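Novice: Starting from these lines, generate the structure:
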Amino acid sequence: MELLTLFYQILVLFMILLIGFIIYRLKVIDEHLIGGLSRLIMDVTLPAMIITSMSFDFSREILFKSGQLFFISLGLYFFSWIIALLVTWKMKITDRERDIFQFMLTFSNVGFMGYPVIGAIYGKLGIFYTSIFNFTFGLVVWTLGVWLFRRREGENFTFHWRMFLTPGIVAVLIGFGFFLFSIKLPYPIFHTLDLLGSTTTPLSMLMVGALMGKSAIRKMWKNKQIYLASFVRLVVIPFFTLILVLPFKFSETMLGVIVILMGMPAAANTAIFAKRFGGDAELGAEVVFISTLFSIVTIPCFLFLLKAL
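Specialist: A predicted model of the protein is given here:
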């Protein structure tokens, strides 16, 4: 019965994704609206969800696990990058294509897909842990992620601390502060943020579906390298992640958050960063589409595997 409930929760998420795909194809929404929707999610609804989901009474156990998760996620990003280097080493591809594949293998979709899926399965504690993971993502993607696209240009790219102050990271810091000091927001404010945050899941899945609807579907199926990279992103990396973290005897929620987030499809930032920093944005969109499509099968498989452990 529990597995059936799990299946229904995942099915609902991907049905919303399908609706997003369809309404884009029917021109109900356009690229301009997708851009606005993306900003609405990342700047308003997701930060609201993070703050309310981190509204726990202080607990030494959760604090300790959060610290563990921060360092584990750092290690796993390094692990994913090493795999990305090994996988792309022998690929017969251009340097610009190699940049895309290394980025997509290193960074999974923690934001737009991670939060909705984890929230549906593991609730607010799962979102709390995802927020810690997303904090690490922000640090690594603005250092290693940018370097992956800029390394061949001979540019002296200057990092500035303001680059890390995204609304999501600020929300994590605020939420974690509330947790550390057991601060409770007044009911009207909390309820307002909670209501805003509750729209993150459907809006995120609609947006991912719409992004998939933008892609030139017929062309991308011919690129066999995308299949290989998607298999590594969706199956190999989460499988070895499970093997690496299983001996630590984490709780069901923490283990699930780690493995599922590492098994998410290519980050939407793959296409966004490629466009911003001179990479192959078209290939970036294609790897996001294909890996997201295949994740409809792989994510439930890993969830069922985790439930069986």
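Novice: I'd guessed A120 sits against T201; true?
Specialist: Yes: A120 is in contact with T201 according to C-beta atoms under 8 Å; the separation is 7.1 Å. C-betas here are computed from N, CA, C, even on glycine.
Novice: Settle it for me: which of those two has more neighbours?
Specialist: Between A120 and T201, counted using other C-beta atoms under 10 Å, T201 has the larger neighbour count: 22 against 16.
Novice: how about that one, what does it touch?
Specialist: 13, 16, 115-116, 119-120 (C-beta atoms under 8 Å, 6 or more residues apart in numbering).
Novice: let's go with 6 Å and repeat that
Specialist: Contact partners of T201, counting by C-beta atoms under 6 Å, 6 or more residues apart in numbering, are P116.
Novice: so what's the residue most central in space within the chain up against?
Specialist: What sits nearest the mean C-alpha location of the chain, by C-alpha atoms, centre = their mean, is V110, with 1.5 Å. When contacts are counted by C-beta under 6 Å, 6+ apart, V110 touches 133-134, 137, 261.
Novice: Out of those, which sit inside helices?
Specialist: The subset of the contacts of V110 located in helices under the criterion DSSP state H comprises 133-134, 137, 261.
Novice: Tell me the spacing between the residue nearest to the centre of the chain and Y227.
Specialist: Taking C-beta to C-beta, to the nearest Å as the measure, V110 falls 23 Å from Y227.
Novice: now E286
Specialist: With C-beta to C-beta as the criterion, E286 and Y227 are 11 Å apart.
Novice: Compare those two (neighbour count), which wins?
Specialist: For the pair E286 and Y227, the greater number of neighbours falls to E286 (24 against 13), based on other C-beta under 10 Å.
Novice: Give me the buried positions along the strand or helix carrying that one.
Specialist: Using DSSP states H and E, E286 falls within helix 281-308. Of all the residues in helix 281-308, those buried under the rule 16 or more other C-beta atoms under 10 Å are 281, 283-295, 298-300, 302-303, 306.
Novice: centre of the chain versus that helix, how much separation?
Specialist: Its chain's average C-alpha position is 11 Å from that of helix 281-308, according to C-alpha atoms, centre = their mean, to the nearest Å.
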